[in-house]
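# Need the 3D shape of this:
(chains A and B)
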Protein chains: 2
Amino acid sequence: MPDGTHPALADAARAAAAAFGAARARYDRAALAEKVQMGADGTPTMRLDILVDTAVAEVVNRHRVNLLSEEIGVIDNGSAVTLVVDPVDGTANAAAGVPLSAFAGVVAVDGHPTEALTCWYDTGRCWHAVAGEPVPYRTSGRRDLDGAAVSLLRPHGDDDAAWWRVAKRAARVRILSTSCLEAALVAEGSTDAFADAGSDTHRIMDLAAALVMVPAAGGAVLDVQGRPLEIDHDLSRRWSGVVGATVELAEELVSTLREAPRREELP
Amino acid sequence: MPDGTHPALADAARAAAAAFGAARARYDRAALAEKVQMGADGTPTMRLDILVDTAVAEVVNRHRVNLLSEEIGVIDNGSAVTLVVDPVDGTANAAAGVPLSAFAGVVAVDGHPTEALTCWYDTGRCWHAVAGEPVPYRTSGRRDLDGAAVSLLRPHGDDDAAWWRVAKRAARVRILSTSCLEAALVAEGSTDAFADAGSDTHRIMDLAAALVMVPAAGGAVLDVQGRPLEIDHDLSRRWSGVVGATVELAEELVSTLREAPRREELP
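Numbering: from 1, shown residues only, chains lettered A, B, ... in the order given. Below is the predicted model:
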């Protein structure tokens, strides 16, 4: 755990990792992935999600701070501090056994994100950032999409043409299916960009940690449709997040993804 | 290191891991990825590849066995035993800092693969298999492409239409850019299939470990064009490997990838 992490955020990450490990030891893949209830964000919640989110909620109540999470939703303990948490980023990976999933949490004070922590479950590696303070990692500094290494959400249908356009311009394409880890890889310079090509799949929990971590490392986080990225109790809101090593690269990705589809450039 | 691993293979994996760690400690990303010579397989060799391959070659000479590797090519020590090695599977990931890369080695006796070992560098996790003996993991058993979780190489141009067809039929698509790890994930049932959609990118080192590991776990390894997968000193040979949780799924992937391209199904 990085030095100086907010005590509630650090405890939440530790509790999440313990619950994650216990769940994977106790349940098989099918049971972990079973959709056991409807989450606060309006999508079905897998058993693995609810087990980890419940552990995080206990920490939040002990620390008398508030919680905003995908599954449980809002817990209001009357604090100025809210933890905005994706308890299991990459749940489908985690439930299946693909070793790419993470805890991602943000400390928000009166609605403004001030600190972020992303911890990769399978290795214990963490990325931490405090708004306004230097971070020990840096983006790649790449400005151009041509030649870039880009991570994408899988194509979702409506965004197929936009997805394909970016995939063919990038030098490398990855689909790791874990948004928070993919944003951390941009922050540390291992890849140049990450994007939802326009499917509006991202919830604020998928992007909140990046909002602190990526600008601190020299990059930028935008939405394809230009909507402001805000911490909001309305969990039905969605974005198509674009995380770039520089403002220039993030803006080029947005403009490329917004161009009208042209069939002739497709396979 | 799994019990019972062939001593030369075990030593090769340990030497590779040590060289990999030393290279990443000593060189920055640009230096690791620098193309420093032409490999025996006819593609440029990155510095990281040659450092690890050299460490493997020393082990091979000490054990008086032969070597077949992507970079150094053939070392003939007059043994009936040849190690077929991909010293750094996922070199681009490893050089950039994306934590998805592996050592993959096979013991071949008179040209027939008899034992395989794949070790994920970033965690030390290994998958081992001996031909004809039970393995402690199992594929998912999935038979149908519709609804499957499929890993793909990125689309390469000639295979764009085939790539897209599979991506749209699968329930989940991943591009992890590390063929040997992706095959190991099929073997252990974390994902259902992995394929080169037809770009003929795979060399025998990319598939040799899967040839032992995947059938032992209930799956199958095929080539899109039906070519036999053979250990051969001719390193110019290429395949489009298809790794499936079952024979049925591998065959359905092959037939889907071989259908003539139809533009109207593309985005």
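# check contacts around A:G90.
Contacts for A:G90 (C-beta atoms under 8 Å, 6 or more residues apart in numbering or on different chains) come out as A:V98, A:L100, A:S101, A:A102, A:L176, A:S177, A:T178, A:S179, A:C180, A:L181. (C-beta placed from N, C-alpha, C; glycine too.)
# count of neighbours near the third one?
Neighbours of A:S101 under the rule other C-beta atoms under 10 Å in any protein chain shown: 25.
# Need the pLDDT of it.
According to the prediction, A:S101 has pLDDT 97.
# Now do the helices in the stretch 51-200 of chain A.
Taking DSSP state H, counting those that start in this stretch as the criterion, the stretch 51-200 of chain A carries its helices at A:91-96, A:160-169, A:179-187.
# picking that back up, could you identify which of the contacts of A:G90 has the most neighbours?
A:A102 (33 neighbours).
# pretty sure that one contacts A:A116?
No - judged on C-beta atoms under 8 Å, A:A102 makes no contact with A:A116 at a distance of 11.7 Å.
# which bits of the stretch 101-250 of chain A sit near chain B?
A:120, A:122-123, A:125, A:149, A:154-155, A:160-161, A:163-164, A:167-168, A:172-177, A:185, A:188-191 (C-beta under 8 Å from any C-beta of the partner chain).
# In the stretch 151-267 of chain A, where is pLDDT below threshold?
For the stretch 151-267 of chain A, the stretches flagged by pLDDT under 70 are A:260-267.
# could you pull out the strands for it?
With DSSP state E, counting those that start in this stretch as the criterion, the stretch 151-267 of chain A has strands at A:172-174, A:193-195, A:220-223, A:241-244.
# Compute the distance between A:V106 and chain B, please.
As judged by C-beta to the nearest C-beta, to the nearest Å, A:V106 and chain B stand 23 Å apart.
# follow-up on the earlier one: so which of the contacts of A:G90 comes closest to chain B?
Distance to chain B, by C-beta to the nearest C-beta, is smallest for A:V98 among the contacts of A:G90, at 5.0 Å.
# Excluding sequence neighbours, find me the nearest residue to the closest one.
Using C-beta to C-beta, 6 or more residues apart in numbering or on different chains and skipping residues adjacent in sequence, the residue nearest A:V98 is B:S190, 5.0 Å away.
# hmm, back to that, of the strands of the stretch 151-267 of chain A, which approaches B:A195 most closely?
With C-beta to C-beta as the measure, strand A:172-174 is the member of the strands of the stretch 151-267 of chain A nearest B:A195 (15.3 Å).
# Tell me which of the helices of the stretch 51-200 of chain A sits most buried.
A comparison of the helices of the stretch 51-200 of chain A by mean neighbour count, using mean count of other C-beta atoms under 10 Å in any protein chain shown, puts helix A:179-187 on top with a mean of 29.
# how about it as PDB, C-alpha atoms only?
The C-alpha coordinates for helix A:179-187 follow below in PDB (Å, rounded to 0.1, in the frame of the first residue of the first chain):
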ATOM      1  CA  SER A 179     -10.800  -0.200 -17.700                       C
ATOM      2  CA  CYS A 180      -9.100   0.900 -14.500                       C
ATOM      3  CA  LEU A 181      -6.000  -1.100 -15.100                       C
ATOM      4  CA  GLU A 182      -5.900   0.000 -18.700                       C
ATOM      5  CA  ALA A 183      -6.000   3.700 -17.500                       C
ATOM      6  CA  ALA A 184      -3.200   2.900 -15.000                       C
ATOM      7  CA  LEU A 185      -1.100   1.500 -17.900                       C
ATOM      8  CA  VAL A 186      -1.600   4.800 -19.700                       C
ATOM      9  CA  ALA A 187      -0.700   6.800 -16.600                       C
END
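# if we can go back for a sec, would you reformat the strands of the stretch 151-267 of chain A as CSV and include mean neighbour count?
Formatted as CSV, those follow (neighbours: other C-beta atoms under 10 Å in any protein chain shown):
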stretch, mean neighbour count
strand A:172-174, 21
strand A:193-195, 31
strand A:220-223, 21
strand A:241-244, 29
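# Let me have those strands in a markdown table, adding distance to B:V60 as columns.
Formatted as a markdown table, the strands of the stretch 151-267 of chain A follow (distance: least, C-beta to C-beta, whole Å):
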| stretch | distance to B:V60 |
| --- | --- |
| strand A:172-174 | 31 |
| strand A:193-195 | 40 |
| strand A:220-223 | 48 |
| strand A:241-244 | 43 |
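# of those strands, which approaches A:N93 most closely?
Among the strands of the stretch 151-267 of chain A, strand A:172-174 sits nearest to A:N93 (C-beta to C-beta), with 13.1 Å.
# I would like the residues contacting the closest one, please.
The contact list for strand A:172-174 (C-beta under 8 Å, 6+ apart) reads A:148-152, A:167, A:182, A:191, B:92, B:98, B:154-155, B:175-177.
# what residues are up against the residue in the stretch 1-150 of chain A that chain B sits nearest to?
Per C-beta to the nearest C-beta, A:G97 is where the stretch 1-150 of chain A lies closest to chain B, at 3.5 Å. Applying C-beta under 8 Å, 6+ apart to A:G97 gives the contacts A:R29, B:L185, B:E188, B:G189, B:S190.
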